[in-house]
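Enquirer: Sequence plus the predicted model coming up.
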Amino acid sequence: MRPFAPFGAALASTLIAACGTAEAPFSAALARPVASSAAIEAHVRFLADDLLEGREAGTRGHEIAALYAATQFALLGLEPAGDDGGWYQRVPLLRGQRVLEGARFSVRSVGRDHSFKVLDEFMPSVNYDAPTAAAAGQLVFVGQAVRAPELGHDDLAGVDLEGKIAVYFGGAPERFGYVERAVHSSSREKARDLVAAGAIGTVYLSKPDEEAKYPWAKYAARWDRVGMRIAGPDGKAVDGYPELAANVSVPVAVARRLFEGAPVSYDEALARLTKGESRAFALPGSASIAVRSKVETVASRNVVARLPGSDPELAAESVVFTAHLDHVGVNAPDPAKPDADRINNGATDNALGSAILLEVARGMRGSTVKPRRSALFVLVTAEEKGLLGAEYFAAFPTVPAAGIVANVNMDMPVMMAELTDLISFGAEHSSLGPIVAQAVRASGMTLSPDPLPEESVFVRSDQYAFVRQGVPAVYLDAGVIARDPAVDGMALFKGFLETHYHQPSDDVGQPIHYPTAARMADINQRIGLMIANQRERPRWDAGSFLGQRFGGKR
């Protein structure tokens, strides 16, 4: 097991030290485990069955999953809390797919033109607002395209991008704090800032470490995977940024060619990036990009249930529990492997998280400790397409927005053995921190820091949609410490990510440890009850980056 990041270790210590400050007048009844590992397994076996064909948003399989979830909520005696008094909230979506015919990426440099080969040497992006789109202009390298003046960093300061094509790396400066780095790694943040700077297109540069973990050929083989955006009232994509008309990604080999003749080579630019010394400059060439897209309107559904609060004064406020019900659907046929399994069942991602949420709902419904605030249970759609179902609910909730006090999220807990620890994302920025630490400690488990901070998990799961609306949130994930010292929990975790994540092999054949999942359900229930029953609403901590950036929205 590799050493944890120092920041993460400090975070865990801080949360545990602060746990005594939480308001938690609970009886011994709450301390007794109530979640059923058998019930969680049963939910997973249904949701991850081949019948549901990978539960992709906007498909029949996802509709079956949504009906199943609504039925389970009804069996528990919860109230429907979706649109018009029903179980569902309709989420309007645009479904986009690349069309390879006509896609083009060429560069003219030193009087010579070179056209790159689609898939082998570049991957076009979908334009959700135009079936055909093009951009042509000077190439300008802009580091990681991060604008963070509050952190003393701005890749776009003084850069002329008007009518030009921005060339950039992913991620954010390593010197940033963990959450700051995750937020500024967001492609949406970068697109917004590039549009404001006048860019008309982009070229995303792959890095050697990225291709080591996820080879370009594997990425290119999935060119036909659909993307989605929320459809606005005008039918246009929300956060589609049509000003960036044409965009491509390129592998390392092509990225190096783009820097030929530049004052700094690709490898030197990457090294400067790591040292925090990146500088923008024009590359010696202009590019022409053309993309074609097939875009259609589809709809999918969030499933929303309510457990009314017991306190007449606080029942109008809500603690929102979320998990995403969708997954990535069915792979295209592979002529080389005609008999290969093509269904991405998504047992761990996120049938397991959805099953845990259903057990939290059952536990809270039957608890002798009644929530004073109401509890909302929302199984959201289109997380795999960019947190879209959560974004839609957080922006247009089916209950009064001002009454949403916190979000507790459950997503892809990798539990391939009995675990003794959990990982908390986001709680350290608000008064949820001591609550989470106390709930975890009371269960006999421990908190560990994020073992892979470079993955920016914080902005890749549904709680971030609520944070962006100013709502304090926590995402509690499975840890990496196995109870059996002979079992390498970190190796199991990494093995899942490398072998099974978004693959057909993420199915019920995986050795999911359901008793650990039941413990996580009990802990999330405890967290929800503590939030629901304390008199004060959760609040952002003074000086919190997230509170300062988003807290003003509530």
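Expert: Alright, I've got the coordinates.
Enquirer: Could you give me the buried positions within stretch 113-123?
Expert: 116, 118-119, 121-123 (16 or more other C-beta atoms under 10 Å). The C-beta positions use only the backbone N, C-alpha and C, and glycine is treated the same way.
Enquirer: can I get the residues you listed in JSON lines with pLDDT and secondary structure?
Expert: Converted to JSON lines, the buried residues of stretch 113-123 look like this (pLDDT from 0 to 100; DSSP: H, G, I helix; E, B strand; the rest coil):
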{"residue": "116", "pLDDT": "97", "secondary structure": "coil"}
{"residue": "118", "pLDDT": "97", "secondary structure": "strand"}
{"residue": "119", "pLDDT": "97", "secondary structure": "coil"}
{"residue": "121", "pLDDT": "97", "secondary structure": "coil"}
{"residue": "122", "pLDDT": "97", "secondary structure": "strand"}
{"residue": "123", "pLDDT": "97", "secondary structure": "strand"}
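Enquirer: now, among the residues you listed, which is nearest to residue 413?
Expert: Residue 413 has its nearest neighbour among the buried residues of stretch 113-123 in residue 123, at 30.9 Å by C-beta to C-beta.
Enquirer: Give me the nearest residue to that closest one, chain neighbours excluded.
Expert: residue 249 (4.7 Å; C-beta to C-beta, 6 or more residues apart in numbering).
Enquirer: how near is the one you found to residue 340?
Expert: Distance from residue 249 to residue 340, counting by C-beta to C-beta, to the nearest Å: 26 Å.
Enquirer: who does the longest helix anywhere in the chain touch, helix- and strand-wise?
Expert: As assigned by DSSP state H, the longest helix anywhere in the chain is helix 514-533. Secondary-structure packing of helix 514-533 (3 or more C-beta pairs under 8 Å, 6 or more residues apart in numbering; DSSP states H and E): helix 37-47, strand 318-324, helix 353-366, strand 374-380, strand 404-410, helix 432-442, strand 473-478.
Enquirer: So residue 249 and residue 340 - more neighbours on which side?
Expert: Remark: of residue 249 and residue 340, residue 249 carries more neighbours, 20 against 10, as counted by other C-beta atoms under 10 Å.
Enquirer: So that one, which state does it fall into?
Expert: strand (DSSP: H, G, I helix; E, B strand; the rest coil).
Enquirer: residues contacting it?
Expert: Listed by C-beta atoms under 8 Å, 6 or more residues apart in numbering, the contact partners of residue 249 are 122-123, 125, 203-204, 206.
Enquirer: Would you format those as TSV with distance to residue 448 included?
Expert: Compiled in TSV, the contacts of residue 249 are given as follows (distance: C-beta to C-beta, whole Å):
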residue	distance to residue 448
122	39
123	35
125	36
203	38
204	32
206	30
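Enquirer: correct me, but residue 496 touches residue 415?
Expert: No: using C-beta atoms under 8 Å, residue 496 is not in contact with residue 415, being 9.6 Å away.
Enquirer: Show me which of these two is the more surrounded one.
Expert: When neighbours are counted by other C-beta under 10 Å, residue 415 comes out ahead of the other of residue 496 and residue 415, with 26 against 20.
Enquirer: of all the contacts of residue 249, which comes closest to residue 89?
Expert: Closest to residue 89, out of all of those and judged by C-beta to C-beta, is residue 125, at 28.4 Å.
Enquirer: Mind checking what secondary structure residue 485 has?
Expert: From three-state DSSP, the assignment for residue 485 is coil.
Enquirer: gap between it and residue 448?
Expert: Counting by C-beta to C-beta, the gap from residue 485 to residue 448 is 16 Å.
Enquirer: picking that back up, would you list the buried residues of stretch 113-123 in a markdown table and tack on distance to residue 235?
Expert: Shown next, in a markdown table, are the buried residues of stretch 113-123 (distance: C-beta to C-beta, whole Å):
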| residue | distance to residue 235 |
| --- | --- |
| 116 | 33 |
| 118 | 28 |
| 119 | 30 |
| 121 | 34 |
| 122 | 29 |
| 123 | 26 |
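Enquirer: Closest one of those to residue 236?
Expert: Distances from residue 236 to the buried residues of stretch 113-123, taken by C-beta to C-beta, are shortest for residue 123, at 23.7 Å.
Enquirer: Relative to residue 324, how far out is that closest one?
Expert: For residue 123, the distance to residue 324 - C-beta to C-beta - is 25 Å.
Enquirer: Then residue 514?
Expert: Counting by C-beta to C-beta - residue 514 and residue 324 are separated by 20 Å.
Enquirer: What ranges does the stretch 101-250 of the chain have for its helices?
Expert: 178-184, 187-196, 208-213, 216-220 (DSSP state H, counting those that start in this stretch).
Enquirer: Out of the ones you listed, the one nearest residue 53 is which?
Expert: helix 216-220 (22.1 Å).
Enquirer: How about the contacts made by the residue nearest to residue 229 when sequence neighbours are not counted?
Expert: In space, and not counting its chain neighbours, residue 229 is closest to residue 237: 3.8 Å by C-beta to C-beta, 6+ apart. Contact partners of residue 237, counting by C-beta under 8 Å, 6+ apart, are 94, 128-129, 229-231.
Enquirer: what two of these are the furthest from one another?
Expert: Spanning the widest gap among the contacts of residue 237 are 129 and 230, at 13.0 Å by C-beta to C-beta.
Enquirer: ok, the contacts of residue 249 vs residue 225, which is closest?
Expert: residue 123 (10.8 Å).
Enquirer: looking at it, that closest one is touching residue 223, isn't it?
Expert: Yes: with contact defined as C-beta under 8 Å, residue 123 reaches residue 223; the gap is 6.5 Å.
Enquirer: so what sits against both of those two?
Expert: Counting by C-beta under 8 Å, 6+ apart, the shared contacts of residue 123 and residue 223 are residue 98.
Enquirer: Please say which of residue 485 and residue 448 ends up with more neighbours.
Expert: residue 448 (23 against 7).
Enquirer: do you know how far that one is from residue 490?
Expert: Distance from residue 448 to residue 490, by C-beta to C-beta: 10 Å.
Enquirer: pLDDT below threshold where in the stretch 351-500 of the chain?
Expert: Within the stretch 351-500 of the chain, no range satisfies pLDDT under 70.
Enquirer: rerun that using 80 as the cut-off
Expert: 454-456 (pLDDT under 80).
Enquirer: ok, now the chain?
Expert: 1-33, 110-111, 276, 454-456, 552-554.
Enquirer: The longest strand along it: how far from the chain's middle?
Expert: For the chain, the longest strand by residue count, based on DSSP state E, is strand 281-307. Computed by C-alpha atoms, centre = their mean, to the nearest Å, the chain-centroid distance of strand 281-307 equals 16 Å.
Enquirer: and the angle for it with strand 318-324?
Expert: Interaxial angle of strand 281-307 relative to strand 318-324 (axes from the mean of the first three to the mean of the last three C-alpha atoms, to 10 degrees): 120 degrees.
Enquirer: Now do strand 281-307 and strand 374-380, the angle between them.
Expert: Going by the same axes, to 10 degrees, strand 281-307 makes 130 degrees with strand 374-380.
Enquirer: Tell me the buried residues in strand 281-307?
Expert: Result for strand 281-307 [16+ other C-beta under 10 Å]: buried residues 282-293, 295, 298, 300-307.
Enquirer: Find the nearest non-adjacent residue to the residue nearest to the spatial centre of the chain, please.
Expert: In the chain, the centroid-proximal residue (C-alpha atoms, centre = their mean) is residue 460; its distance is 1.9 Å. Sequence neighbours aside, residue 387 is the residue nearest to residue 460 in space, at 7.8 Å (criterion: C-beta to C-beta, 6+ apart).
Enquirer: Brilliant, that's me finished.
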